[in-house]
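Q: Here is my input, please return the structure:
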Amino acid sequence: MKYKFLIPIALSIVVGLFFGKIFFQNYEVNGITVFDEKDKVYMLQVGVYSTLDKMEEAFPEYQKYLYISQDDGYHLYVGITKNKEIASIIKEYYEDQGYSIYVKENLLDNNAFLSILGEYDKIINIASPSDIAEIEKIVISNYKEMVLENET
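A: Numbers count the residues shown, from 1 in each chain. Okay, the predicted model is just below:
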């Protein structure tokens, strides 16, 4: 009589282990990423050109900036930042120079570049407007070196 309760307990443990194993196997196969390691960056785009020649014609100094070839053409960027307020400062600077700027949000997962970008954002926050173009050229150079070269 003392041991009557052991059979239901043992049976419930075996059934629990069986169903637990089934659920965890299903979870491992169909698991989704809940936390993404990517951070949002704002890329300031001057335009999209169908060919490299058209981009060079419209923007002769294109090699100093970032251009990325995609399905719809060559996207030319003059700045990258992590901060939306700084993106508006950079946008305002280039619009004062006569360019039409489009701010595009992208996700980036290169932590080394993101930490450097954060430091340059601090510098732009206190820099004079005349220094913004030179700082962004450095940021773009770092992007080319740290992000684009690692993708290939």
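
Q: Give the bridge partners for Gly79, please.
A: Beta-bridge pairing of Gly79 under DSSP bridges involves Leu44.

Q: Surely it touches Ile140?
A: Yes. Gly79 lies in contact with Ile140 (Cβ atoms under 8 Å); the separation is 7.5 Å. Placement of C-beta: from N, CA and C, glycine included.

Q: Would you mind telling me which of those two has more residues around it?
A: Gly79 (28 against 19; other Cβ atoms under 10 Å).

Q: need the contact list for the more buried one.
A: Contacts for Gly79 (Cβ atoms under 8 Å, 6 or more residues apart in numbering) come out as Met43, Leu44, Ala87, Ile90, Lys91, Tyr94, Ile132, Glu136, Val139, Ile140.

Q: ok, those vs Tyr74, which is closest?
A: Nearest to Tyr74 among those, counting by Cβ to Cβ, is Met43 at 13.9 Å.

Q: Next, count neighbours for the closest one.
A: Counted with other Cβ under 10 Å, residues neighbouring Met43 total 21.

Q: Tell me the spacing between it and Lys82.
A: 11 Å (Cβ to Cβ, to the nearest Å).

Q: now swap in Val103 and tell me
A: For Val103, the distance to Lys82 - Cβ to Cβ - is 13 Å.

Q: tell me, what's touching those two both at once?
A: Joint contacts of Val103 and Lys82 (Cβ under 8 Å, 6+ apart) are Tyr42.

Q: I'd like the next helix or strand past the helix or strand where Ile86 lies.
A: Assigned by DSSP states H and E, Ile86 falls within helix 84-96. Downstream of helix 84-96, the next assigned helix or strand under DSSP H and E is strand 102-108.

Q: give me every residue that touches the nearest residue to Asp72 once chain neighbours are set aside.
A: Counting by Cβ to Cβ, 6 or more residues apart in numbering, Val48 is the residue found nearest to Asp72 once chain neighbours are left out, at 6.3 Å. By Cβ under 8 Å, 6+ apart, the contact list for Val48 reads Asp72, Gly73, Tyr74, His75, Leu76.

Q: sec struct for Val48, please.
A: strand (DSSP: H, G, I helix; E, B strand; the rest coil).

Q: Quick check: bridge partners of it?
A: Bridge pairing for Val48 - DSSP bridges - gives His75.

Q: For it, report the pLDDT, please.
A: On pLDDT, Val48 comes in at 90.
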